[in-house]
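Trainee: predicted coordinates and the sequence they were generated for:
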Amino acid sequence: MKKTYQITEFSSFISGKEVDGYISLPESTFAQLENFILSNTNGETDGLDLMSLSARKRVGKVITAKNYVGIISMKDGTTIEILPKIYSKEDFTARQVKTLFIDMLRSLQNSPFKSLQSTAVDTSKMNIFEIFIRMFLDEVYVIVKKGLKNDYNALSENGGVVKGKILFSEQIKHNYAHKERIYIEYDDFNTNRPENKLIKATLLYLYRQTTSNLNKKDLRTLLNAFGEVKPSTDYSSDFERCKSDRNMTDYSTTLMWCKVFLAGKSFTAFSGSEIAFALLFPMETLFESYVAVQMRKSLNPFDYKISVQDKKYHLFDYPNRKFLMKPDIVVQRKSDKAIFICDTKWKVLAKDKTNYGISQADMYQMYAYQKKYNAKNVTLIYPRTEKMRNQELNFQSNDGVVVQTCFVDLFDMKKSLSEIERGFS
């Protein structure tokens, strides 16, 4: 039976036994996951950055999730679902964590996830992969309802009627002994444009991968609507040929989904012989994006200007500008042009760690931001943890640099941001 195994960051899988504190996988699934990690070591993104491998007495081999979240779908239909590790003053369910994860994905710029509507599906009954498929299908339904876009496509034909132009080289090659036939090339106005071909290829791919009866039913319906379209067989070439004019606006989000499914366009390029699909996201990126979007919503645009991933300054200016500085969030108070800088760090701090676990490199970075931007203050934003709840950590140097720390509760962003924003007034 095809099954979904759910885990959160920093939790662990074992195999062959039941042990408190661990999630047990069937031996074959555990072996596939282990091979997946090992086959991706030393690549563009190291598999050991995703999950660590270890062995423990009386437990055996252990696979521990690290700072990537998302899904790994295996060819036998098994799905591994990795969710963020969230701490909050409120009790919450796995369904709420999944909904929060979807909201965080929606914050990503230039991605199809902006269209995700977590309330449109029952997330408690669908794994993340099936939710993604559902959202893609909703986009394709919009296109089908409005009608597939047509375009002129060059066709060649060896027939008895002249239209378009004669291909003389092909005429000589094929019709030397058939003078009654003419090899021609002409333009035909039809739905076989690259955008539709890519959508058809994605529909076929997802039909093979989905385990949801609802998704499979809708995929069949949409495949019928694309009945006259030939599926793409050269994804890279067809993506390059896609047009982005006003006439194709309705296709933009759908084509981003096609890149996700056909080319694995998340933030990683994981692969493996037993893996059908892996869509994984570094929590550092999701946390940074989510905080920035929530802060933009929270601050009054008439009072503050926000810049995300600001590129105004380099660390050095002479003889050439070198070492670009990119603070996550730069807030400017419009009344007096005062600057406040925030940088997000998806790290678990604790009182028993050296310097609470704050990186010395991060402190150097914040010191440089304050000096270069002449900021009123700079703030390091961390996720709230069970070990660091209401702790206030502020650091000040004799030359006027102040670095503040703040811990945000992702289930209570309004209150968390209000505490940060008090420092902007």
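Mentor: Arrived safely.

Trainee: and the nearest residue to Thr405 once chain neighbours are set aside, what is it in contact with?
Mentor: Nearest residue to Thr405 in three dimensions, chain neighbours excluded: Leu393, at 4.1 Å (Cβ to Cβ, 6 or more residues apart in numbering). All C-beta spots, glycine's among them, are computed from the backbone N, C-alpha and C. Neighbouring residues of Leu393 by Cβ atoms under 8 Å, 6 or more residues apart in numbering: Tyr356, Ile358, Gln404, Thr405.

Trainee: who does Arg56 bridge with?
Mentor: For Arg56, the beta-bridge partners under DSSP bridges are Gly60.

Trainee: thought it was touching Ile63?
Mentor: No: applying Cβ atoms under 8 Å, one finds Arg56 not in contact with Ile63, separated by 11.5 Å.

Trainee: just to revisit the earlier point, next, give phi and psi for the residue nearest to Thr405.
Mentor: phi -120, psi 110 (degrees, to the nearest 10).

Trainee: dump the residue contacts of Leu324.
Mentor: Lys311, His314, Leu315.

Trainee: where does pLDDT dip in the stretch 251-400 of the chain?
Mentor: Along the stretch 251-400 of the chain, segments meeting pLDDT under 70 span 264-276, 389-391.

Trainee: ok, which stretches of it are helices?
Mentor: Taking DSSP state H, counting those that start in this stretch, the helices of the stretch 251-400 of the chain run over residues 252-263, 283-298, 360-373.

Trainee: okay, these in CSV with distance to Asp336 next?
Mentor: Formatted as CSV, the helices of the stretch 251-400 of the chain follow (distance: least, Cβ to Cβ, whole Å):
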stretch, distance to Asp336
helix 252-263, 40
helix 283-298, 20
helix 360-373, 14
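
Trainee: any chance of TSV for those helices, columns mean neighbour count and distance to Leu349?
Mentor: Below are the helices of the stretch 251-400 of the chain laid out as TSV (neighbours: other Cβ atoms under 10 Å; distance: least, Cβ to Cβ, whole Å):
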stretch	mean neighbour count	distance to Leu349
helix 252-263	20	33
helix 283-298	20	14
helix 360-373	16	11
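
Trainee: nearest to Leu222, of the ones you listed?
Mentor: For the helices of the stretch 251-400 of the chain, the distance to Leu222 is smallest for helix 252-263, at 11.0 Å, taking Cβ to Cβ.

Trainee: break down the stretch 151-300 of the chain into its strands, ranges please.
Mentor: 151-159, 165-166, 182-190, 275-282 (DSSP state E, counting those that start in this stretch).

Trainee: just to revisit the earlier point, and the helices of the stretch 251-400 of the chain: which comes nearest Tyr304?
Mentor: Proximity to Tyr304, assessed across the helices of the stretch 251-400 of the chain by Cβ to Cβ, is greatest for helix 283-298 (9.3 Å).
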